[in-house]
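**Student:** what follows is a predicted structure for the sequence shown.
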Amino acid sequence: MATFTERMGPVLLLWLAVCLSGTWAVDKGNFKTCDQSAFCKRQRAVKPGESPYRALLETMELTNTRLTLQLINDNNKVRLLLELYRLQGNITRVKINELKPLKPRYEVPDVLIREPPTEPLSLLSQDENGVVLSLGAESQRVIVSARPFRLDIVEGRDVLMSLNSRGLLGFEHLRMRKDTQADPEAENKEGTDPANQAETATEEEEKVEDGMWEETFKSHTDSKPNGPSAISLDFSLPGVENVYGIPEHADTLKLKTTDSGDPYRLYNLDVFQYELYNPMALYGGVPVMLAHNVQRTTGIFWLNAAETWVDISSNTAGKTVFGKMLDYVQGSSETPQTDVRWISESGIIDVFLMLGPTPRDVFSQYASLTGTQAFPPLASLGYHQCRWNYNDQEDVRSVDAGFDEHDIPYDFIWLDIEHTDGKRYFTWDPHKFASPKEMLQGLLDKKRKMVAIVDPHIKVDTNYKIHNEIRSQGFYVKNKDGADYEGWCWPGSAGYPDFTRPDMRAWWASQFAYDKYEGAMENLNTWNDMNEPSVFNGPEVTMHKDAMHGSWEHRELHNLYGLYVHMATAQGLLERSGGTERPFVLTRAFFAGSQRYGAVWTGDNAAEWEHLKISIPMCLSMGLVGISFCGADVGGFFKSPSTELLVRWYQTGAYQPFFRAHAHLDTPRREPWLFGPENTALIREAVRQRYTFLPYWYQLLYHAYRTGEPVMRPLWVEYPQDPATFALDDEFLLGRNLLVHPVTEEGARGVTAYLPGKDEAWFDIHTFQKHNGGQNLYIPVTMSSIPVFQRGGSIIPRKLRVRRSSTCMEHDPYTLYVALNNQRTAEGELYIDDGHTFNYEKKEFIHRRFSFTNNVLSSANLEPDTQFTTKSWVERIIILGASKPSMITLKSADGEENQLEFDFDASMSVLTIRKPGMNAGADWTVTLQ
């Protein structure tokens with residue numbers, strides 16, 4: 001151990017010095033461009049229009065549920081097998097693999113929640129040029145053309161999507177390396193197979209390019225024992241100008257074309273203070289893209305966990321408004337079209353074409369494949385206070401007391417890596433955190449909780465029980481020579497558990513048991529950081545691609561590693577409670593399916609206005625691909641925010657799903673009360689607004705869990721036929737009913753918000769001023785302003801008695817905000833359960849539907865077979881856009897009628913009904929006469 005420290009100590013110190021110095025900027029040289037990634041460069045060099053692939057129609061086999069067909073590469077005679085499935089819910093699945101690979105190619109496990117159910121395919125016609133199949137619904141057909149191979153999905157006369165229409169299908173077959181002595185027996189076996197004979201005859205002629213069998217980046221060499229194995233396929237989207245998704249990138253919501261630069265990269269990396277507005281890879285990668293126009297929304301889910309690059313081009317990109325007008329005047333018939341090319345280093349092509357047609361349909365289609373957002377405990381929707389690091393138990397106690405002293409609610413306080421005994425996870429520093437249970441009990445007494453970090457790099461130390469057990473069971477990832485892979489991270493020399501193994505994940509989960517994780521209690525939750533995985537001395541600050549997970553190289557599954565860490569940790573928290581308590585686990589790295597295990601944040605941002613702005617499109621992009629529980633470090637992780645920026649960030653974060661302040665070790669303290677009484681009051685007000693809306697947040701997360709629909713959503717999701725919404729990413733909707741336009745400009749005196757829906761009404765939630773939809777509204781702002789609007793036609797329940805934590809508010813009464821639309825109707829919902837267990841799965845919850853029509857407001861049970869009771873009651877009803885009644889009566893479920901007191905503000909048309917007093921779970925009607 002000493003020798004490692006002597007050798008690595010200076011390097012670690014140098015690394016930390018760079019990290020903590022004033023430069024605070026990404027070193028782009030640490031991360032590859034497409035040109036430096038050999039497979040990306042090779043595939044990108046393939047020019048459109050010269051596809052060597054031909055469909056061998058005579059090999060077609062059609063069963064009730066799938067079509068199989070061989071493709072041949074006429075250049076090298078290698079055959080591929082195409083499989084096509086029609087799946088339930090308007091999804092088509094296309095798989096392409098080698099017909100006879102030298103050895104199996106990796107297929108991503110554990111991401112799909114089940115084998116997707118199929119629906120019948122039928123043959124409509126066939127000739128020597130191709131085949132036409134029916135997809136059942138609405139005259140949808142698949143046309144497979146033979147020479148060159150091409151696949152089109154058509155509805156009526158419209159082409160929805162084409163595959164290989166530009167001829168960019170590429171499939172590098174596995175092969176023997178020519179300069180090594182091949183196994184003569186294997187050669188003989190190959191020789192007996194006619195499909196392989198052609199291959200061996202022509203393979204000699206294929207040129208070996210740099211980077212096929214070995215690749216060096218900076219000081220790291222990737223041995224590539226399996227040689228080239230990249231795959232590529234192009235998709236054309238006629239009529240489409242707007243594509244979204246493929247997080248995580250610090251970029252605009254609407255994806256840009258990549259013709260003049262690098263493709264968007266999906267390769268989970270620990271990027272030190274990332275740069276904005278570029279396609280570099282970040283901590284997570286979800287290979288899902290949505291395409292949208294006024295007619296239809298579709299999606300492409302490219303199920304591959306290897307390093308992936310996505311190129312986007314468009315025939316309308318770069319055209320000026322004048323150019324587009326000229327096209328129109330001249331009657332140019334060019335339909336807008338977006339072309340997308342996916343390139344992955346390895347694996348197979350396994351792609352799900354989600355055919356919509358509405359945004360909601362696409363969310364539901366994707367959820368049917370990978371599941372929905374985990375339904376979080378209610379407390380996790382409150383405010384989280386974090387920094388690297390709270391120094392000791394006294395520091396924690398003092399910060400906790402500071403919130404009470406300044407009357408600011410919070411639910412969770414967080415501990416970063418310094419709380420451990422020498423960066424050994426599952427332990428506590430024996431001096432600074434000598435009695436963790438006493439600390440946790442102190443928080444529990446106030447109905448508060450804690451999160452402690454558990455990272456997946458394990459200190460190599462024979463005095464550390466966790467390390468010894470992992471090593472003795474052979475659970476570490478191995479290097480290419482078969483020894484335990486060791487890299488370098490916060491503890492110094494570290495091993496990396498192989499989370500792809502179910503037995504390793506089960507062991508990891510068992511470590512969260514109260515008798516194993518000493519000092520843990522039920523109010524201690526977990527945070528997984530550095531799970532890309534981060535390896536400080538590895539290539540691109542991550543694991544070597546030729547490291548081994550059993551028989552698979554790390555390159556095949558890199559983007560899955562963080563998902564598996566998250567999965568195992570959530571399982572551990574679930575098991576420790578005997579399966580009764582909903583876990584809360586935050587992760588930095590993620591993949592498709594990560595939504596099933598908890599929350600995600602946008603990583604190590606900076607205290608800059610542009611980073612505040614980018615938090616909106618980053619979380620919107622995640623929501624579109626299923627990850628609803630998203631947030632950004634409030635205040636910025638690196639650097640120190642000005643007080644104005646800090647206040648504006650609290651005001652923004654209060655209206656984003658995951659609401660946590662976090663800061664770097666090297667920054668001055670920034671608890672909310674350290675910036676003078678005025679700023680403390682502004683921050684207090686933002687946090688308190690968050691708490692008043694907790695019933696609405698909780699209902700939205702429940703809805704996300706049930707349907708897969710995003711909580712924080714772009715305006716085009718609700719207004720899909722309004723092109724003015726398609727590129728908006730400085731404002732957003734929460735559910736359907738709240739529109740938020742945070743102030744993200746320094747020194748702003750006003751913002752212009754687009755209020756969608758020409759027949760809609762929108763009410764300022766602070767002033768109750770009514771505004772018409774279909775307009776750009778200029779809103780003057782001061783430091784206390786958070787522009788938020790409630791949609792006319794909606795009813796939102798809130799709790800106005802804010803207490804020190806969400807749990808303290810459990811039995812408090814509700815105020816209903818009824819915003820009438822221009823037809824003088826409104827509707828909304830209320831969802832209540834115990835807030836923390838899985839008993840809602842046993843129908844233990846209340847789900848009410850509120851509706852206002854014909855001057856009658858009623859509450860009805862949405863799910864009558866449920867059992868749950870609440871002590872909460874309705875203490876106030878505020879009707880916006882109302883007219884003055886002469887009398888108001890309440891009729892309860894037992895038929896009893898009472899007159900209610902009310903106030904009416906004629907200048908704002910606001911009616912306030914005082915103390916109606918009915919139970920929040922009961923049936924009732926309130927009639928305005």
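**Tutor:** Done, it's in. No experiment lies behind these values; they were computed from the predicted model shown.
**Student:** which residues does residue 455 contact?
**Tutor:** 417, 425, 489-490, 528-531 (C-beta atoms under 8 Å, 6 or more residues apart in numbering). Every C-beta, even on glycine, is put in place using the N, C-alpha and C of the backbone.
**Student:** kindly reformat the residues you listed as TSV containing neighbour count and pLDDT.
**Tutor:** Shown next, in TSV, are the contacts of residue 455 (neighbours: other C-beta atoms under 10 Å; pLDDT from 0 to 100):
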residue	neighbour count	pLDDT
417	20	98
425	24	98
489	26	98
490	22	98
528	25	98
529	26	98
530	23	98
531	27	98
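**Student:** from these, which land in helices?
**Tutor:** Residues of the contacts of residue 455 located in helices (DSSP state H): none.
**Student:** between those, which sits nearest residue 783?
**Tutor:** Closest approach between these and residue 783, by C-beta to C-beta: residue 529, at 33.0 Å.
**Student:** the closest one reaches residue 453, doesn't it?
**Tutor:** Yes. Residue 529 is within contact range of residue 453, at 5.8 Å (criterion: C-beta atoms under 8 Å).
**Student:** got any residues that touch both of the two?
**Tutor:** Common contacts of residue 529 and residue 453 (C-beta under 8 Å, 6+ apart): residue 417.
**Student:** and the residue nearest to residue 75 when sequence neighbours are not counted, what does it touch?
**Tutor:** Spatial nearest neighbour of residue 75, excluding adjacent residues (C-beta to C-beta, 6 or more residues apart in numbering): residue 52 at 4.4 Å. Going by C-beta under 8 Å, 6+ apart, residue 52 touches 73-76, 148.
**Student:** distance to residue 750 and secondary structure added to these, as TSV?
**Tutor:** Shown next, in TSV, are the contacts of residue 52 (distance: C-beta to C-beta, whole Å; DSSP: H, G, I helix; E, B strand; the rest coil):
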residue	distance to residue 750	secondary structure
73	60	strand
74	63	coil
75	61	coil
76	63	coil
148	56	coil
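**Student:** give me the buried subset of the residues you listed.
**Tutor:** Neighbour counting over the contacts of residue 52 (16 or more other C-beta atoms under 10 Å) leaves 73, 76, 148 as the buried ones.
**Student:** which non-adjacent residue is nearest the last one?
**Tutor:** Just to be clear, that refers to residue 148. Counting by C-beta to C-beta, 6+ apart, residue 148 lies nearest to residue 51, which is 3.9 Å off, once chain neighbours are set aside.
**Student:** the one you found against residue 164, yeah?
**Tutor:** Yes. The pair residue 51 / residue 164 is scored as a contact, 6.1 Å apart, by C-beta under 8 Å.
**Student:** and stretch 594-605, end to end?
**Tutor:** Using C-alpha to C-alpha, to the nearest Å, the end-to-end distance of stretch 594-605 comes to 21 Å.
**Student:** pLDDT weak spots in the stretch 251-400 of the chain?
**Tutor:** 317-333 (pLDDT under 70).
**Student:** quick one: the helices in it?
**Tutor:** Assigned by DSSP state H, counting those that start in this stretch, the stretch 251-400 of the chain shows helices spanning 321-329, 359-370, 393-405.
**Student:** how about the second one as CSV, C-alpha atoms only?
**Tutor:** The C-alpha trace of helix 359-370 is given here as CSV (Å, rounded to 0.1, in the frame of the first residue of the first chain):
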residue,chain,number,x,y,z
PRO,A,359,-46.4,12.6,-27.5
ARG,A,360,-48.3,10.7,-24.8
ASP,A,361,-48.3,7.6,-27.0
VAL,A,362,-44.6,7.7,-27.4
PHE,A,363,-44.1,8.1,-23.6
SER,A,364,-46.4,5.1,-23.0
GLN,A,365,-44.6,3.1,-25.7
TYR,A,366,-41.2,3.7,-24.2
ALA,A,367,-42.5,3.0,-20.7
SER,A,368,-43.9,-0.3,-21.9
LEU,A,369,-40.3,-1.3,-22.8
THR,A,370,-38.2,0.1,-20.0
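**Student:** how about residues contacting that helix?
**Tutor:** Contacting residues not belonging to helix 359-370 are listed as 88-91, 111-113, 116, 288, 290, 292, 297-299, 301, 352, 354-356, 592-593, 595-596, 625-626, 707-710, 716-717, 720 [C-beta under 8 Å, 6+ apart].
**Student:** change it to 7 Å
**Tutor:** Applying C-beta atoms under 7 Å, 6 or more residues apart in numbering, the set of residues contacting helix 359-370 from outside is 89-91, 111-113, 116, 288, 290, 297-299, 301, 352, 354, 356, 592-593, 625-626, 707-709, 717, 720.
**Student:** now intersect the residues you listed with the strands, please.
**Tutor:** 91, 288, 290, 297-299, 301, 352, 354 (DSSP state E).
**Student:** which non-adjacent residue is nearest residue 362?
**Tutor:** Using C-beta to C-beta, 6+ apart and skipping residues adjacent in sequence, the residue nearest residue 362 is residue 299, 4.6 Å away.
**Student:** hang on, I meant residue 150
**Tutor:** Per C-beta to C-beta, 6+ apart, closest to residue 150 is residue 164, 5.0 Å.
**Student:** wait, that neighbour touches residue 236, no?
**Tutor:** No. Between residue 164 and residue 236 there is no contact under C-beta atoms under 7 Å: 9.1 Å.
**Student:** the two: which has the busier surroundings?
**Tutor:** Neighbours per residue (other C-beta atoms under 10 Å) separate residue 164 from residue 236, with residue 164 holding more: 23 against 20.
**Student:** so that one versus residue 898, what's the distance?
**Tutor:** Counting by C-beta to C-beta, to the nearest Å, the separation of residue 164 from residue 898 is 70 Å.
**Student:** low-confidence ranges in the protein?
**Tutor:** Within the chain, the segments meeting pLDDT under 70 span 1-24, 137-138, 180-206, 317-333.
**Student:** show me which positions of stretch 285-297 end up buried.
**Tutor:** Quick answer for stretch 285-297 (16+ other C-beta under 10 Å): 285-293, 296-297.
**Student:** for that stretch, which outside residues touch it?
**Tutor:** 237, 239-248, 266-268, 298-302, 304, 308, 338, 340, 356-359, 362, 366, 559, 590-592, 624-625, 716, 720-721, 723, 726.
**Student:** on that earlier part again, just the buried residues of the contacts of helix 359-370.
**Tutor:** Buried subset of those (neighbour count, 16+ other C-beta under 10 Å): 89-91, 111-112, 116, 288, 290, 297-299, 301, 352, 354, 356, 592-593, 625-626, 708-709, 717, 720.
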